[in-house]
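> Model the following, please.
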Amino acid sequence: MKNKYRYFTIIFLVFFIILNVTPIAFAKTRRTYLTDFLFSNEIRGEGFKNGIEATNPLNEATAYALEILDQYGLNAHEITDLETKLETDLEQMFNNDDVELYDSYFLLKSLALLDYTIEVELEDRIYDYINKTEQIGGGFSYSNTSALASISSTYFVVQIYDLILKPVPNITTHKNWVLHCNNSDGGYGGNSSLSSTILSTYYAVSILHELDVINELADENQTLTYLDTFFVQYQSDTKNYGGYLPDITANYALLSSTFYSVKAISIIDETMLHDASTIRWVLNHQNFQDGGFADLTQGTDQLTSSVISSYYAFETLKIFNSLSKLASEVFMVEFNYFILVIIMASIGLIAGIGVVVWRRRRI
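Numbers count the residues shown, from 1 in each chain. Next comes the predicted model:
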């Protein structure tokens, strides 16, 4: 009788150990989950999709994926084909007179991350084009045929100048134009007549920083106060605490608005950041189902991750010098049917052996 209880005790202990050890054995670091997610969205030789459900590569997602992988010394597959495609897409944009500053920037950024040098003739055409978007009163327009400057187009043009290693002309004129986009709330609008937004404020701060005139902000303290207005400081708001809302009426903080706010604040005065709570909020948005990072919205507690959202999360952690969190913290994995089958088969085998041994001892 004692042997009978002994065998059942052994079986129970083995079951308990397997049940607890198996998920850990299948776990990976947050960093590995993230890079696996990026590679799962790669279209070899073409670029990266923004998410599992997407079908085509996206220039923005490609640049962001390459930047994260580069941080870890990892490379895309079939790099030569990818470089050729990116340069061809860039060249066709100018050949067809269908230039999008947004796409031009991300194509150039991707090529720079791949350490690829574009043809001199193409670089000269890009330089000539963006020079023609410059407006007399300051700022840059979205095309060389438009006379309307905006903070977003100015941001992308300034970034393109940097990527092709050319100086921005008339810095004082453009600085003054950006400062005229400042509003009484401390934020910046898309131009001098538009209301403030987090994104426009991020663009304005980034432009002034790139032009090396960040110390000439219209009102540094007021801009910091404006950005901090969107910070969720109430610990009782468990889904949002530590993040930044995209606007005051929003229900959820987003990875994008959090990155824009954190980046702008860090440029002005990094001591105004909320390090611990924001880092924790970002890490809580890693999606255990696919390894990327995802935003929460009304009516759901889990969304499919995107490369772009993952980049915002990654860069936010980088600002806080907290990328080590992705390497050191083991991520809890989802318990799946494959693991369950292994456990049940193991238990069945052990139980069968126990019964056979028990019966033989009775004989």
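> Next, count neighbours for A327.
When neighbours are defined as other C-beta atoms under 10 Å, A327 has 11 of them. All C-beta atoms are positioned from the backbone trio N, CA, C, and that covers glycine.
> er, V205 I mean
Per other C-beta under 10 Å, the neighbour tally for V205 reads 25.
> Nearest spatial neighbour of it, chain-adjacent residues omitted?
Spatial nearest neighbour of V205, excluding adjacent residues (C-beta to C-beta, 6 or more residues apart in numbering): A264 at 4.3 Å.
> Number of residues surrounding that neighbour?
Other residues near A264 number 24, with proximity taken as other C-beta under 10 Å.
> how about it, what does it touch?
198, 201-202, 205-206, 223, 227 (C-beta atoms under 8 Å, 6 or more residues apart in numbering).
> Roughly how far does it sit from A313?
A264 sits 17 Å away from A313, going by C-beta to C-beta, to the nearest Å.
> Among the contacts of A264, which are located in helices?
198, 201-202, 205-206, 223, 227 (DSSP state H).
> for the host helix or strand of the residue nearest to V205, which positions count as buried?
Element membership for A264 (DSSP states H and E) is helix 255-269. Neighbour-count burial for helix 255-269, counted by 16 or more other C-beta atoms under 10 Å, picks out 255-268.
> Farthest pair within the residues you listed?
Using C-beta to C-beta, the buried residues of helix 255-269 reach their maximum pairwise distance at L255 and I268, which is 20.8 Å.
> Let's see the pLDDT reported for F331.
Note for F331: predicted pLDDT of 50.
> Then L90?
With respect to pLDDT, L90 scores 97.
> same deal with L245?
Taking L245 on its own, its pLDDT is 98.
> for it, what are its contacts?
If you count contacts by C-beta under 8 Å, 6+ apart, L245 has them with 230, 232, 252-254, 257.
> Over to T133?
Contacts for T133 (C-beta under 8 Å, 6+ apart) come out as 101, 140-144, 146, 153, 157.
> most neighbours, which of these?
For the contacts of T133, neighbours were counted by other C-beta under 10 Å; the highest total belongs to F140, with 30 neighbours.
> who's that one bridged to?
Per DSSP bridges, the residues bridged to F140 are E134, S150.
> okay but it is in contact with A147, surely?
No - if you go by C-beta atoms under 8 Å, F140 and A147 don't touch, sitting 11.0 Å apart.
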